[in-house]
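Q: Provided below for reference: sequence and predicted model.
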Amino acid sequence: MADFAKVRSEELKRRSDEFRCGDKILLTGYVYTARDAAHKRFDALLDQGKELPIPIENAVIYYAGPTPAPEGRPIGSCGPTTSGRMDKFAPRLLDMGLGGMIGKGERSQAVVDAIVRNRAIYLCAIGGAGALACNCIKSCEVIAFDDLGCESVKKLYVEDFPLIVADDCTGGDIFKKGRAEYCSL
């Protein structure tokens, strides 16, 4: 994977100026899973003036709801979910210092604007390949909202997780770029 840049999760936001839409990276470090239900609870906690159960500054959230771990593994299948479902929550978290998000699919203009404003990044994982993605996950720990089952917030340690930069901190958008290239054929 020579054409992939190796990046530590805790450095992702600081290094966001280095990456443009379409770039490929191998991410290593801690990421947090959170989907719709967890994001609703995050929002409610913030509305109540309470702290989030994860340290949001420079964090990376992976929009995934992993399946239970089979014997001898830290996690089951762990593919990305559609990111657009978190779009109403993402700008607030980005404005609080969230460094990056991992998911699949296009983001709203409000999210793209928040990515640019906060010098953050949005990465896409390969949809439908959750059984392969789990091979990059070396540990999994439930951090919050255990009652949500697969949608609980988990802290994962990933090694060389292959991702593509979908929205960069300059406003580059792989979905718009791809459509434009296709239409020019």
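A: Cool, got the structure.
Q: and the longest helix anywhere in the chain, what does it pack onto?
A: Longest helix in the chain by number of residues, with DSSP state H as the criterion: helix 36-47. Counting contacts by 3 or more Cβ pairs under 8 Å, 6 or more residues apart in numbering; DSSP states H and E, helix 36-47 packs against helix 90-95. All C-beta spots, glycine's among them, are computed from the backbone N, C-alpha and C.
Q: so what touches the helix or strand following the helix it packs on?
A: Where DSSP states H and E defines the elements, the next helix or strand beyond helix 90-95 is strand 100-103. For strand 100-103, the external contacting residues (Cβ atoms under 8 Å, 6 or more residues apart in numbering) are 9, 12-13, 16, 27, 31, 60-64, 80-83, 86, 90, 120-125, 163.
Q: if I look at the closest residue to residue 19 other than its chain neighbours, how far off is residue 67?
A: Leaving aside its sequence neighbours, residue 19 sits nearest to residue 165 (Cβ to Cβ, 6 or more residues apart in numbering; 4.7 Å). Using Cβ to Cβ, to the nearest Å, residue 165 is found at 27 Å from residue 67.
Q: tell me which of the two has more neighbours.
A: Higher neighbour count among residue 165 and residue 67: residue 165, with 23 against 15, using other Cβ atoms under 10 Å.
Q: quick one: the more buried one from residue 180, how far?
A: Distance, residue 165 to residue 180, using Cβ to Cβ: 17 Å.
Q: repeat for residue 61
A: 28 Å.
Q: do residue 90 as well
A: For residue 90 relative to residue 180 (Cβ to Cβ), the value is 24 Å.
Q: check residue 21 too.
A: For residue 21, the distance to residue 180 equals 12 Å [Cβ to Cβ].
Q: residue 145 too?
A: 40 Å.
Q: those two: which is more packed in?
A: residue 145 (17 against 10).
Q: who does the longest strand along the chain touch, helix- and strand-wise?
A: In the chain, assigned by DSSP state E, the strand with the most residues is strand 153-167. With contacts taken as 3+ Cβ pairs under 8 Å, 6+ apart, strand 153-167 sits against strand 24-33, helix 109-118, strand 121-124, strand 137-144, helix 174-183.
Q: tell me which of those is the most buried.
A: Highest mean neighbour count of the helices and strands packed on strand 153-167: strand 121-124, a mean of 26 (counted as mean count of other Cβ atoms under 10 Å).
Q: for that one, give me every contacting residue.
A: 12-13, 16, 19, 25, 27, 80, 83, 99-105, 107, 111, 115, 163-169, 174.
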